[in-house]
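Predicted model follows, preceded by the sequence.
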Amino acid sequence: MPKTSNLREPRTAKLADIQTFRNFIAGEWCQPAGGEYFENRNPAQFDDLIGRFPESDHRDVDAAVKSAKRGFALWSRTPAPVRGDVLRRVGDLLVQRKEEIANAMTREMGKVLAETRGDVQEGIDTAFYAATEGRRLFGHVVPSELRSKWAMSYRRPIGVVGLITPFNFPLAIPTWKMFPALLCGNAVIIKPSEDVPHTVHLLVEILLEAGLPPEVVQLVHGRGETVGKALVEHPEVPVISFTGSTETGAIIGETCGRMHKRLSLEMGGKNAMIVLDDADLDLAVEGVLWGAFGTTGQRCTATSRLIVHDKVHDNLVRRVVEAADRLKLGDGRAEGTDVGPLIHEASREKVERYVGIGRSEGAELVIGGARATGGSLDQGCFYRPTIFTGVKPQSRLEQEEIFGPVLSVIRVGSFDEAVRVNNDVRYGLSSSLYTRSVDLAFRAMQELDNGITYINAPTIGAEAHLPFGGVKATGNGHREGGWEVYEFYSETKVCYVDYSGKLQRAQIDTYDI
């Protein structure tokens with residue numbers, strides 16, 4: 001496999017002492033067609049400018065598609081085990097640069113270093129898992145119903161794949177999409193969130209260093225309404241994978257349906273953690289803090305609802321509030337920080353709106369409900385961990401995704417009521433149950449209407465070798481991660497070989513024993 005180090009230029013170019021980054025199209029780091037750029041700033045420290053990134057448009061997407069088609073012609077003919085070897089080297093390089101990438105990611109999107117290290121590790125795990133799949137792209141050989149006839153299927157690549165990724169997992173989610181798509185023999189064009197462009201820039205560098213042919217990957221920065229739209233609407237991009245809001249996913253779904261494109265949607269969640277009266281409350285407190293306030297609540301799997309049995313409600317709420325009050329807010333790179341900033345001011349304003357909605361609906365605000373200020377917190381986009389009690393099922397606070405550090409507590413009187421409350425939302429991504437009852441644990445796994453259910457653990461924490469996704473408005477049935485994602489990024493080809501030397505008609509020419 002050819003090395004590409006000679007194709008790499010310095011990671012940044014100086015322009016008035018500001019780092020200026022570029023797209024990667026047609027094997028080169030290049031300026032956007034329109035010559036426009038946008039700024040990427042640290043949400044924990046507004047005056048920390050990470051760099052300027054291309055404000056691309058449809059012309060850049062057109063150039064990327066032309067190049068990707070050439071890359072696909074080469075890469076699709078490369079043996080799958082060899083493709084896997086490239087991804088194994090990607091994993092090795094991610095191991096070597098783990099701390100560097102984690103620091104860059106925390107600077108870019110705010111979550112604490114422990115979490116960004118985990119984000120990189122998820123990319124490492126995904127790379128090594130994909131590498132092994134290069135020798136396991138299994139088809140099937142089945143008996144034919146006719147004599148002297150061979151029947152089989154195998155997996156083959158599709159073409160150019162468009163990937164649109166969000167801000168909250170700047171490395172993990174791009175690798176969830178990229179690595180399986182590449183392993184299956186496709187070429188990829190990635191449009192990362194404009195809030196976290198730097199991390200994917202580093203990932204593309206690593207792919208090239210690992211020996212991926214340059215035209216197999218294209219990086220096009222820009223806005224969703226321009227670059228994302230052009231990628232989704234391009235007639236020569238037959239596959240789209242999108243992670244983001246349900247509202248945007250619905251628009252993408254309409255376009256892809258009209259154009260007969262293969263589409264994977266991973267969208268919103270309104271996840272509930274159920275705590276029954278026999279639960280280990282110490283464990284439950286730890287779980288809800290991590291589930292509700294990890295990544296500042298900016299996860300599609302965040303624990304945004306806490307459904308608590310009446311018998312332990314007051315005790316658990318008191319303990320959760322006390323623990324939440326001890327959480328330290330600040331720059332995610334600073335020692336001792338528990339909760340970082342929200343990604344930008346628009347997110348903070350959205351959280352404020354929902355706090356107002358909760359108050360207007362009669363829920364009781366027991367902690368938080370305000371911006372975190374004072375000292376260095378004034379320089380970033382911080383919001384205090386917020387908890388409402390007395391939240392009513394079917395209220396907006398209980399039903400709608402907020403994507404911030406807001407926890408709604410709902411009181412119930414039984415396991416059956418808890419299941420009904422969990423299921424009675426439009427989303428169906430993740431759920432969890434805290435109980436010592438084996439019987440109720442197994443009932444929960446069957447009755448909770450979600451793609452993922454945890455027992456005695458919070459609603460977050462996917463593992464790379466298992467499928468990830470949800471039901472209802474959370475997605476469209478496809479899964480990321482694990483073995484199922486390889487079916488999304490490849491086509492099934494069925495082949496028959498008739499060596500009987502005569503015409504044999506299936507379902508017509510049948511034989512006795």
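Sure thing, it's come through. Numbers count the residues shown, from 1 in each chain.

contacts and neighbour counts: CA atoms only from here.
Will do.

max-length strand in this protein?
The strand of greatest length in the chain, counted in residues with DSSP state E as the criterion, is given as strand 45-54.

Output it in PDB, but only the C-alpha positions, please.
These are the backbone C-alpha positions of strand 45-54, laid out as PDB (Å, rounded to 0.1, in the frame of the first residue of the first chain):
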ATOM      1  CA  GLN A  45     -12.600  30.200  27.000                       C
ATOM      2  CA  PHE A  46     -14.100  32.400  24.200                       C
ATOM      3  CA  ASP A  47     -10.900  34.300  23.500                       C
ATOM      4  CA  ASP A  48      -9.000  31.000  22.700                       C
ATOM      5  CA  LEU A  49      -9.200  30.800  18.900                       C
ATOM      6  CA  ILE A  50      -8.300  27.300  17.700                       C
ATOM      7  CA  GLY A  51      -8.200  28.300  14.100                       C
ATOM      8  CA  ARG A  52     -10.000  29.300  10.900                       C
ATOM      9  CA  PHE A  53     -11.700  26.500   8.900                       C
ATOM     10  CA  PRO A  54     -13.000  26.400   5.300                       C
END
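
buried ones in it?
Taking 16 or more other CA atoms under 10 Å as the neighbour-count basis, strand 45-54 is seen to contain the buried residues Gln45, Leu49, Ile50, Gly51, Arg52, Phe53, Pro54.

what's next to it, contact-wise?
Counting by CA atoms under 8 Å, 6 or more residues apart in numbering, strand 45-54 makes contact with 18-23, 31-32, 35-42, 108, 197, 220-222, 331, 376, 379-381, all of which sit outside it.

7 Å instead?
Counting contacts by CA atoms under 7 Å, 6 or more residues apart in numbering, the residues outside strand 45-54 that touch it are 18-23, 31-32, 36-42, 221-222, 379-380.

what do you get for stretch 490-504?
The contact list for stretch 490-504 (CA under 7 Å, 6+ apart) reads Ser148, Lys149, Trp150, Ala151, Met152, Ser153, Tyr154, Arg155, Arg156, Pro157, Ile158, Cys184.

Provide the secondary structure category for the fourth one.
Reducing the assignment to helix, strand or coil with DSSP: H, G, I helix; E, B strand; the rest coil, the entry for Ala151 is strand.

follow-up on the earlier one: how about JSON lines for the buried residues of strand 45-54, with pLDDT and distance to Thr301 added?
Converted to JSON lines, the buried residues of strand 45-54 look like this (pLDDT from 0 to 100; distance: CA to CA, whole Å):
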{"residue": "Gln45", "pLDDT": "98", "distance to Thr301": "26"}
{"residue": "Leu49", "pLDDT": "97", "distance to Thr301": "30"}
{"residue": "Ile50", "pLDDT": "98", "distance to Thr301": "28"}
{"residue": "Gly51", "pLDDT": "97", "distance to Thr301": "30"}
{"residue": "Arg52", "pLDDT": "98", "distance to Thr301": "31"}
{"residue": "Phe53", "pLDDT": "98", "distance to Thr301": "29"}
{"residue": "Pro54", "pLDDT": "98", "distance to Thr301": "31"}
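
ok, of the residues you listed, which one's closest to Leu281?
Distance from Leu281 was checked for each of those by CA to CA. The minimum falls on Gln45, at 36.5 Å.

Provide a list of residues in contact with the spatially most central residue of the chain.
Centroid check for the chain by CA atoms, centre = their mean gives Ile173 as the closest residue, at 4.0 Å. For Ile173, the set of contacting residues under the criterion of CA under 7 Å, 6+ apart consists of Thr165.

After the lowest-mean-pLDDT helix or strand in the chain, which helix or strand is next? Please name it.
Comparing every helix and strand of the chain by mean pLDDT, DSSP states H and E singles out strand 13-15 as the least confident one, with a mean of 48. Stepping forward along the backbone from strand 13-15, the first helix or strand reached (DSSP states H and E) is strand 18-20.

buried stuff in that next one?
Applying a neighbour-count criterion of 16+ other CA under 10 Å, the buried positions in strand 18-20 are Gln19, Thr20.

Show me what it is packed against.
With contacts defined as 3 or more CA pairs under 7 Å, 6 or more residues apart in numbering; DSSP states H and E, the packing partners of strand 18-20 are strand 13-15, strand 45-54.

same question for the longest helix along the chain, mean pLDDT?
Looking across the chain with DSSP state H, the single longest helix is helix 113-133. Computed over helix 113-133, the mean pLDDT rounds to 98.

Residues contacting that helix, please?
Among residues not part of helix 113-133, those counted as contacts by CA under 7 Å, 6+ apart are 84-85, 87-88, 90-91, 94-95, 98-99, 102-103, 105-106, 169, 171-172, 175-176, 179-180, 183, 332-333, 464-465.

mind checking the end-to-end distance for stretch 133-150?
End-to-end span of stretch 133-150 (CA to CA, to the nearest Å): 25 Å.

tell me which residues in it are buried?
By neighbour count on 16+ other CA under 10 Å, the buried set for stretch 133-150 is Glu133, Gly134, Leu137, Leu146, Trp150.

for stretch 19-39, same thing?
19-27, 29, 31-32, 37-39.

Pick out whichever of those residues sits closest to Ile387.
When the buried residues of stretch 19-39 are compared for distance to Ile387 (CA to CA), Glu39 comes out closest, at 33.6 Å.

Quick check: that closest one vs Val220, distance?
Distance from Glu39 to Val220, counting by CA to CA: 15 Å.

Over to Ala473?
From Ala473 over to Val220 (counting by CA to CA), the distance is 28 Å.

if I've got this straight, Ile189 is in a strand?
Yes. Counting by three-state DSSP, Ile189 is located in a strand.

tally of neighbours for it?
Applying the criterion other CA atoms under 10 Å, we find 27 residues in the vicinity of Ile189.

That one contacts Gly162, correct?
Yes. Shown here, Ile189 and Gly162 form a contact pair, counting by CA atoms under 7 Å, at 5.0 Å.

quick one, strands of the stretch 51-200 of the chain?
Using DSSP state E, counting those that start in this stretch, the strands assigned to the stretch 51-200 of the chain run over residues 140-143, 149-156, 160-164, 187-191.

quick revisit: can you tell me which of the buried residues of stretch 133-150 lies nearest to Gly257?
Nearest to Gly257 among these: Leu137, at 27.4 Å, using CA to CA.

Spatially nearest residue to the closest one (excluding sequence neighbours)?
Taking CA to CA, 6 or more residues apart in numbering, and ignoring the residues beside it in sequence, Leu137 has Arg155 as its nearest neighbour in space, at 6.6 Å.

confidence score at the one you found?
The score at Arg155 is 97. That number is its pLDDT.

partner residues bridging it?
The residues listed as beta-bridge partners of Arg155 by DSSP bridges are Thr492.

So it versus Asn450, what's the distance?
From Arg155 over to Asn450 (counting by CA to CA), the distance is 29 Å.

Run a quick neighbour tally on Cys381.
Counted with other CA under 10 Å, residues neighbouring Cys381 total 26.

my bad, His58
Neighbourhood size, His58 [other CA under 10 Å]: 18.

Pretty sure it sits against Ala230.
Yes. Here His58 reaches Ala230: they are 5.4 Å apart, a contact under CA under 7 Å.

Any of the contacts of helix 113-133 buried? List them.
Here the buried ones among those, as counted with 16+ other CA under 10 Å, turn out to be 84-85, 87-88, 90-91, 94-95, 98, 102-103, 105-106, 169, 171-172, 175-176, 179-180, 183, 332-333, 464-465.

Mind checking which of the contacts of strand 45-54 are in strands?
Those of the contacts of strand 45-54 lying in strands (DSSP E): Ile18, Gln19, Thr20, Asn23, Tyr37, Phe38, Glu39, Asn40, Arg41, Asn42.

May I see the residues you listed arranged in TSV, with pLDDT and distance to Leu306 as well?
Written out in TSV, the entries for the ones in strands among the contacts of strand 45-54 read as follows (pLDDT from 0 to 100; distance: CA to CA, whole Å):
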residue	pLDDT	distance to Leu306
Ile18	85	45
Gln19	94	44
Thr20	97	44
Asn23	98	43
Tyr37	98	42
Phe38	98	39
Glu39	97	38
Asn40	98	35
Arg41	98	33
Asn42	98	31
